[in-house]
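Asker: This is the structure alone, sequence omitted:
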């Protein structure tokens, strides 16, 4: 990407915004949000990683082996809540517990454990993964919020820079006109056509305009520094505008068109609302998990037993060579579980009410920005006509002055009104550019193309 537009020395708004989106540090940070979401899901998926384990327990005393117990196995959690497991056990010893006795070659075990009550639909492991996935989705909305803020800040900085440049150009024009008039009045005074007081009038007008130009140049310098804050290269280093680079004209021909109905529809998917929706979804996972805790715990374990791998396919349920177990427990009053479930439901209700208020606030803000946009367009139309009328009055006053029917004071007064109105028009044009961005921002849109 080339920082400069096709026209030499002009940094166009679209080029500037593309550059900001591509290389500004906040844009890079926004992308990091997505990486954080991916890593959160990866961490949660780690709860489903297969687990290898091994145990070795041996006791020998007075040249006698009391026991030698060896066990190795694997446990595989699944999304369905069933935990698959397999193990190999080899035990021996003079004082080995009889229930630990296995064939001398060892014993293989393969089976599963499953929750038939609490945890059948949802458990901590699955709830953690679901919440991580919700967080991953929410990072896209976080990213949009960051980029939207960057879009609005960069837009404001650019058009304030353009405004400062336009005003500096206008004030420089005023200084040149005042210089020409001062020189003309001075010559006329020397020729005896004008009184000396007119040269003083012309000189004070020149000094005032030089002062205004100095202020405008200082303002342009500060706004240029603001622009430099948004310029970074592809290596992450700050860069500055080349000397002589100028902004796009405030009165550029590009039409600014807002589809109000489209924006009113888009605001329903505002990133701030989406973040609240994701938070509600996460709270709903908590609610469902708490609801599961009201169900009694019923855990069933079953394992086939065999001395060799090829014998597993010959085994039948509860026929021979197996072990199984059933665990059941439940509180009598469920006060803790019921309280936690109701608390989770209350949090959801609270957040949903907050969401409704947030949506109303966002829609109200959008309507205010749309109204400001409409008012600014009307003001620009009005003030454009006003500038034309003031220029006509100035031209008329100049003609009267040339034939001796007016005074230099009246000419200067007319000219000051023209320059003042042009400064105001520049401010309105700049505000309209920023208002366009503010309206999109209020609808939750930034760099995106509609």
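Answerer: Ah, there it is. Bear in mind that the values here come from a model prediction, so they are computed numbers and not experimental data. Numbers count the residues shown, from 1 in each chain.
Asker: what residue ranges in the stretch 1-150 of the chain score low on pLDDT?
Answerer: By pLDDT under 70, the low-scoring segments of the stretch 1-150 of the chain are 1-8.
Asker: Name the surrounding residues that touch stretch 431-441.
Answerer: The contact list for stretch 431-441 (CB atoms under 8 Å, 6 or more residues apart in numbering) reads 148, 151-152, 155-156, 159, 162, 250, 256, 258, 263, 366, 369-370, 372-373, 376-377, 380, 446, 450. Where C-beta positions appear, they are placed from N, C-alpha and C, glycine not excepted.
Asker: Which entries within the residues you listed meet the buried criterion?
Answerer: Buried subset of the contacts of stretch 431-441 (neighbour count, 16 or more other CB atoms under 10 Å): 148, 151-152, 155-156, 159, 162, 250, 258, 263, 366, 369-370, 372-373, 376, 380, 446.
Asker: can you pull out the helices in this protein?
Answerer: Taking DSSP state H, the helices of the chain run over residues 13-23, 25-45, 124-190, 196-228, 260-266, 271-292, 335-402, 408-442.
Asker: Ok, which of those helices comes nearest residue 78?
Answerer: Ranking these by their distance to residue 78 (criterion: CB to CB) puts helix 124-190 first, at 9.7 Å.
Asker: where does the residue lying closest to residue 70 once chain neighbours are set aside sit relative to residue 69, distance-wise?
Answerer: Closest residue to residue 70 apart from its sequence neighbours, by CB to CB, 6 or more residues apart in numbering: residue 90 at 4.7 Å. Between residue 90 and residue 69 the computed distance is 8 Å (CB to CB, to the nearest Å).
Asker: Look at the two and report which has more neighbours.
Answerer: residue 69 (18 against 15; other CB atoms under 10 Å).
Asker: residue contacts, that one?
Answerer: By CB under 8 Å, 6+ apart, the residues touching residue 69 are 55, 56, 57, 58, 89, 91, 93, 96, 100.
Asker: Could you point out the longest strand of this protein?
Answerer: Using DSSP state E, we find that the single longest strand of the chain is strand 64-77.
Asker: Walk me through which strands it pairs with, and which way each runs.
Answerer: strand 51-61 (antiparallel), strand 82-92 (antiparallel) (DSSP bridges).
Asker: Distance of the residue lying closest to residue 172 once chain neighbours are set aside relative to residue 418?
Answerer: Using CB to CB, 6+ apart and skipping residues adjacent in sequence, the residue nearest residue 172 is residue 213, 5.8 Å away. From residue 213 over to residue 418 the distance is 16 Å, taken as CB to CB.
Asker: residues near residue 327, how many?
Answerer: Look at residue 327: counted by other CB under 10 Å, it has 12 neighbours.
Asker: Contact partners for the closest residue to it other than its chain neighbours?
Answerer: In this structure, residue 327 finds its nearest non-sequential neighbour in residue 299, 4.4 Å apart by CB to CB, 6+ apart. Residue 299 sits next to 113, 114, 115, 116, 117, 326, 327, 328 when contact means CB under 8 Å, 6+ apart.
Asker: Quickly list what the last one is bridged to.
Answerer: Beta bridges link residue 328 to residue 298 when assigned by DSSP bridges.
Asker: Do I have it right that it meets residue 296?
Answerer: Yes. Under the criterion of CB atoms under 8 Å, residue 328 makes contact with residue 296 at 6.5 Å.
Asker: what's the overlap in contacts for those two?
Answerer: The contact sets of residue 328 and residue 296 overlap at residue 117 (CB under 8 Å, 6+ apart).
Asker: If you tally nearby residues, what's the number for residue 430?
Answerer: By other CB under 10 Å, 21 other residues sit near residue 430.
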